[in-house]
Each structure stands twice: as C-alpha cells, then as structure tokens.
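Q: predicted coordinates and the sequence they were generated for:
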Amino acid sequence: MSVAAGNKNHLIRLIAVVLTGILAGLSGMVLALILHAIQHLAFGYSYGQIVGSVSFLQGVTESSWPRRIVAIVAGGAVAGFGWWLLGRYGQRRVSIAAAVANPCAPMPAGTTTIHALLQIVTVALGSPLGREVAPREMGALGAGMVARKLRLLEDETRTLIACGAGAGLAAVYNVPLAGALFSLEVMLLSFSWEKTLAAIMTSAIAAWTATLGLGDESQYHFVSSALPHSFLWWAILAGPILGTGAWLFRKATSAARSRVRSNWQMPVFCLLGFSLLAILSLYFPELPGNGKGPMQLALSDGLPLSMVAVLLVLKMVVILAVLRGGAEGGLLTPGLAVGGLVSLLLCAFWQLGFPGGDKSSFAVVGAAAFLAASMQMPLTAVALVMEFTHMDHSYLAPALLCAAGAFLTCRVLDKK
C-alpha cells in the first residue's frame, strides 16, 4: 500500500513539473510576442514579421525623430501611471523570493500579471531595463497555481515555484541550462538531485515550448576566435576590477530604487526619466531597450573607444533615471551591456602592452563576469552567456576564472 502511495506521489510531482514547464513556456512566448508586436508598432518597422531578422536597434535607428520621442515618452506615462495605480488599487504584490520563502502566501494572479505586462510594455516602448523579470514572475505564478491544485507539500511547492521562475527565464531567452541553474543557484540555494532534476525538466520543457512561437536563434551573434595566451591573465586580473564595478552598479541601482515614492512623484519622475531617454535617443539610438543593442555592437567590434565610454556613461544615467522614477524591470541584460562596455575599456588598456585577440572576446568574457557579480550568480551568468552567444568551449576557463574573481570581490565589498 505504501509503495503504491509513493508511486502516486512521484507521478503527481512529475505532472506538476511538466505542467509548470509548459505554462512557463507558453507565458514566456506570449510575453515575448507582445513585446515584439508593440516594438514594431511603436517604432514602425517590420509590420509583417513580428519575429524577424530586423533588430530593435535597427528599428529605433530608422524611426523618425517625432515617432521616437512619442513612443518613449508614452512608455514613461505607462510606467508612471501604471505602477502608481497598481500600487494604489491593486493587491499587495508578492515577489518571487517571498513566494519561495513562504509558499503559503501565494502571488496574487491579477497584480502579478499586470505587473509583468507593465514591464513588457515599457521595455517595448524603450525602457532601458530588462524584460526577464516578467516571464520569471509568470512562471512562478503558474507553478504556484499548479502546486495548490495538486495539493503539493510546502517544500515541494517551494521547489516548484523556484523552478517555474527559472523556466520563465529559459523560455524567454531559450537558455534551458541557465534557467535550471538560476532556479538552483539563486532561488533555492540548493543542488540536491531531486531539485536539480525538477529544475532541468521545467527549464528544458519551457525553452522548447517557447521555440514553437519564437524560433531557436541565439540571442547574440558572436564568432568565437582563437584566444591569445595572454587572454587568461587578462581574465584573472580583470575579475576584481569588474567585481568592483558590479558592486558600484548594485549600490547605485539599489539607491535609485530606494528613493521611489508611490504617490504623485511616480508619474512625474517617470515622465522626466523617459523624456531624458527620448532626447538622448535622438543622438544615441543604442540607449532605448534592455541593452541588447550596445552588447551586440560590443560583440561585433563595431564601437570605437570614444563611443564605448559615452554609451557606458549614458546607459548608466538612463537606467538610474527610470529606476528613480519608479519603473520596474530586470537588470540582467542591462548589466550584461554595462559589463561588456566596461570590458572593452579594460581591453583597450590591456592591448597597449599585450596586443592580440578580438575585442569581442574580451567583451563576452567580461560581461559574464560583471553579470556574475552584479546578480550574485556566477554559474548561471557563465551558462547564460554561453547559451546567449554559443561561444566556443575554449572561452569557458577564462570566463569561469574572471567570474569567480568578480563574484568574490563583490562579496568582500558587500561585507565591508
């Protein structure tokens, strides 16, 4: 009798994992399609092909200046009034971390869905923040619903919610390994066999499900090149520098968010922040969006050194401006872009004494290290960049060493 009951429990948990993966994949796919549709409509490009070869950077660059201004300022209005009204009239929001810590307090479906859609709409209209939090929230929300429907135990529910969040990340970026590692390294802080299998299954199912509507192209175009012998030493020495930069990035973004007020200030400051972004976008079309444009240019050796420095400063300015206004969004892809730009500057100094190697190689390894420190997830960051770029395995040792140095430096600075 006990054997039959045990088998039934295993079957229920398997069903929960599969359903969570499917729901996370579908929600991630739908959110991505909404994002692309709004981008194309707002900036006027590729109307007939929502998922196509024309990038957001190309669309923004080719848009007329009035259209660019209107779209981005509209994003500020949506952000300011949207989150102000949601905070005023919506249910109290439960974060993914809070839901994992206390599975008995579920994420409210309406508030979470609106919060996710606001992120997608504002990023589509040019917000410099990331879009990855929205699918993670929807994946976690779906997992919680499945767990309650199947009456899972508290610890099983906790695991499933964390796996749902990682599966959402896997779905929107087609990164199943990084999604699984995110669930384990960031959400659960555990690598037990049972949790590892659940994380792998949900992320793999979610990523595959999302490809049915989004395709399976890599997020960034990158050509791996032969690395010079000095590259490993650059990675080791650059790690602590990138870790210090990531620590400053974390402090600055946290300070900006801590100053947000859920009153009349939110619409005003959001409109001011997005208006600044709109004006700057007339001269620097790389600034709107989650940072994919600047990072792709960094990986294509398409940026002169002076432009790298300017974009780095301005990208930080607009990120902090919209965060101060109260806009929500992720810092994963923005952090990746900032890390890539910082790495190009470090590369320029390094090559004065040790010439050789493509600049893009420095950018990809440095971006992974910066992300490892800024998001406090070294394994996930390296896996994420590997899946983003399909970089050669020869990059793995430098990337891991650089990420380890950056992560440890950031941890030490956090404790001071």
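A: That came through, no problem. Predicted model, so just to flag it, every value in this text is computed and none were measured. Residues are numbered from 1 along each chain as shown.

Q: for residue 136, see how far away residue 180 is.
A: Distance of residue 180 to residue 136, computed by CB to CB, to the nearest Å: 13 Å. No exception for glycine: its C-beta is placed from N, CA and C like everyone else's.

Q: need the overlap of contacts for these two.
A: Both residue 180 and residue 136 are in contact with residue 166, where contact means CB atoms under 8 Å, 6 or more residues apart in numbering.

Q: what sits against the nearest residue in space to residue 387 that is not next to it in sequence?
A: Distance criterion CB to CB, 6 or more residues apart in numbering; nearest residue to residue 387, sequence neighbours excluded, is residue 175 at 4.1 Å. Contact analysis of residue 175 by CB under 8 Å, 6+ apart lists 169, 207, 383, 384, 387, 388.

Q: so residue 51 versus residue 318, what's the distance?
A: Distance from residue 51 to residue 318, by CB to CB: 26 Å.

Q: now residue 402
A: Residue 402 sits at a distance of 27 Å from residue 318 (criterion: CB to CB).

Q: same check on residue 281?
A: Distance of residue 281 to residue 318, given as CB to CB: 9 Å.

Q: identify the contacts common to the two.
A: residue 287.

Q: roughly how far does the residue nearest to the spatial centre of the chain sit from residue 173?
A: Taking CA atoms, centre = their mean, the centroid of the chain lies closest to residue 332, which sits 3.4 Å from it. According to CB to CB, residue 332 and residue 173 sit 9 Å apart.

Q: what's the first helix or strand after the lowest-mean-pLDDT helix or strand in the chain?
A: Within the chain, judged by mean pLDDT, DSSP states H and E, the helix or strand with the poorest mean is helix 2-43; its value is a mean of 89. On the C-terminal side of helix 2-43, the closest following helix or strand by DSSP states H and E is helix 56-62.

Q: follow the chain on from that following helix and name the next helix or strand.
A: According to DSSP H and E, the helix or strand after helix 56-62 is helix 65-89.

Q: residues in contact with the residue nearest to residue 276 when sequence neighbours are not counted?
A: The shortest distance from residue 276 to any non-neighbouring residue, by CB to CB, 6+ apart, is to residue 321 (5.5 Å). Applying CB under 8 Å, 6+ apart to residue 321 gives the contacts 272, 273, 276, 277.

Q: want to try TSV for those, with secondary structure and neighbour count as columns?
A: Listed next are the contacts of residue 321 as TSV, based on DSSP: H, G, I helix; E, B strand; the rest coil; neighbours: other CB atoms under 10 Å:
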residue	secondary structure	neighbour count
272	helix	16
273	helix	28
276	helix	19
277	helix	25
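
Q: so where is the protein shaky, pLDDT-wise?
A: Residue ranges of the chain with pLDDT under 70: 1-7.

Q: please parse it into its domains.
A: The chain breaks down into these domains under automatic domain parsing: 2-214, 231-415.

Q: all helices of the stretch 51-200 of the chain, in order?
A: For the stretch 51-200 of the chain, the helices defined by DSSP state H, counting those that start in this stretch occupy 56-62, 65-89, 96-101, 109-124, 133-149, 154-173, 176-182, 193-214.

Q: the last one vs helix 133-149, what angle?
A: If you take axes from the mean of the first three to the mean of the last three CA atoms, to 10 degrees, helix 193-214 sits at 120 degrees to helix 133-149.

Q: name the helices or strands packed onto helix 193-214?
A: Helix 193-214 sits against helix 2-43, helix 154-173, helix 176-182, with contacts defined as 3 or more CB pairs under 8 Å, 6 or more residues apart in numbering; DSSP states H and E.

Q: for the helix or strand harbouring the residue nearest to residue 276, C-alpha coordinates in PDB please.
A: Using DSSP H and E, residue 321 maps to helix 305-325. C-alpha atoms of helix 305-325 as PDB (Å, rounded to 0.1, in the frame of the first residue of the first chain):
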ATOM      1  CA  LEU A 305      36.600  53.500 -27.900                       C
ATOM      2  CA  SER A 306      35.200  57.000 -27.500                       C
ATOM      3  CA  MET A 307      31.700  55.700 -28.300                       C
ATOM      4  CA  VAL A 308      32.200  52.900 -25.700                       C
ATOM      5  CA  ALA A 309      32.900  55.400 -23.000                       C
ATOM      6  CA  VAL A 310      30.000  57.700 -23.900                       C
ATOM      7  CA  LEU A 311      27.500  54.800 -24.200                       C
ATOM      8  CA  LEU A 312      28.600  53.400 -20.800                       C
ATOM      9  CA  VAL A 313      28.000  56.700 -19.000                       C
ATOM     10  CA  LEU A 314      24.700  57.500 -20.700                       C
ATOM     11  CA  LYS A 315      23.400  53.900 -20.300                       C
ATOM     12  CA  MET A 316      24.000  54.200 -16.500                       C
ATOM     13  CA  VAL A 317      22.400  57.600 -16.500                       C
ATOM     14  CA  VAL A 318      19.100  56.500 -18.100                       C
ATOM     15  CA  ILE A 319      19.000  53.200 -16.100                       C
ATOM     16  CA  LEU A 320      19.200  55.200 -12.800                       C
ATOM     17  CA  ALA A 321      16.800  57.800 -14.100                       C
ATOM     18  CA  VAL A 322      14.000  55.400 -14.800                       C
ATOM     19  CA  LEU A 323      14.600  53.400 -11.700                       C
ATOM     20  CA  ARG A 324      14.400  56.600  -9.600                       C
ATOM     21  CA  GLY A 325      11.100  57.300 -11.300                       C
END
